[in-house]
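1. Okay, structure incoming, though there's no sequence with it:
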Ligand SMILES: Nc1ncnc2c1ncn2[C@@H]1O[C@H](COP(=O)(O)OP(=O)(O)OP(=O)(O)O)[C@@H](O)[C@H]1O
Ligand SMILES: O=C(O)c1ccc[n+]([C@@H]2O[C@H](COP(=O)([O-])O)[C@@H](O)[C@H]2O)c1
């Protein structure tokens, strides 16, 4: 089975994330897409981050009606901050029969050279890159790399930061979240 790994904080998961994951699951050779909920992204402060299990619960609720989309808590018990290379090694040991690939926005590819062991990741994993609007240029080493595959997915310029700030300001963000996520988040009074 070929699995695309979609790493993120998902604080909260929004329809932009879902549209991309579903597009990859339906229009590429991937059999499944796993949302890997990251406890601590090495590039981000943990400030406004909800508890791991609450972010996982939102991903679980968002994906439970999609057979090809799965939540993953694999990083919860790995050392923090979570370096993707460590998670990949761990996943290979746990699922030796699966083929793992990475799913990444064009914006992330632009900073990919700063990731821990970026060269090792690229040597061993295919990366599916979807378009994002961003100002920095993609490094030429990645632009035509045989392991980097551009995917023509829709561009959805929504961010979790925007959603958190809008909720705090008392705005209605319901169209940006799937209903089960909105219901949970509202019931739990998150981000207010
Ligand atoms: N609207 C979007 N469309 C496509 N990809 C997205 C979108 N928003 C975030 N992503 C990507 O999804 C992955 C997980 O997102 P993550 O939750 O970490 O980011 P985010 O929504 O930008 O959150 P924040 O605003 O809290 O930084 C990252 O690779 C990120 O680049
Ligand atoms: O391994 C690294 O060095 C590394 C550095 C930055 C980010 N990542 C992973 O990339 C994921 C998405 O990053 P971001 O910044 O777009 O939220 C994040 O959840 C981490 O798992 C990984």
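-> Received, thanks. Computed from a prediction, not measured in an experiment: that's the story for all the values here. Ligands and ions are numbered 1, 2, ... in the order given.
2. can you pull the contacts of the closest residue to residue 11 other than its chain neighbours?
-> Leaving aside its sequence neighbours, residue 11 sits nearest to residue 160 (C-beta to C-beta, 6 or more residues apart in numbering; 5.0 Å). Heads up, the C-betas are built off the backbone N, CA and C, glycines and all. By C-beta atoms under 8 Å, 6 or more residues apart in numbering, the residues touching residue 160 are 9-14.
3. Can you tell me how far residue 160 is from residue 142?
-> Separation of residue 160 from residue 142 (C-beta to C-beta, to the nearest Å) stands at 25 Å.
4. Ok, residue 191 next?
-> The value you get for residue 191 to residue 142, if C-beta to C-beta is used, is 34 Å.
5. Please state the offset of the helix or strand residue 182 falls within from the chain centre?
-> Residue 182 belongs to helix 179-187 when assigned by DSSP states H and E. From the chain centre to the centre of helix 179-187 is a distance of 20 Å (C-alpha atoms, centre = their mean, to the nearest Å).
6. try stretch 150-163
-> Distance of stretch 150-163 from the chain centroid (C-alpha atoms, centre = their mean) equals 11 Å.
7. Please work out the average pLDDT along that stretch.
-> When pLDDT is averaged along stretch 150-163, the result is 94.
8. Quick one: end-to-end length of that stretch, please.
-> 27 Å (C-alpha to C-alpha, to the nearest Å).
9. That stretch near ligand 2 at all?
-> No - judged by C-beta under 6 Å from any ligand atom, stretch 150-163 stays clear of ligand 2, getting no closer than 8.7 Å.
10. is any part of that stretch close to ligand 1?
-> Yes - residues of stretch 150-163 are located near ligand 1 by C-beta under 6 Å from any ligand atom, namely 156-161.
11. pLDDT weak spots in this structure?
-> 138, 140 (pLDDT under 70).
12. Residue most distant from the centroid, it?
-> Here the chain reaches farthest from its C-alpha mean at residue 170, the gap being 26.4 Å by C-alpha atoms, centre = their mean.
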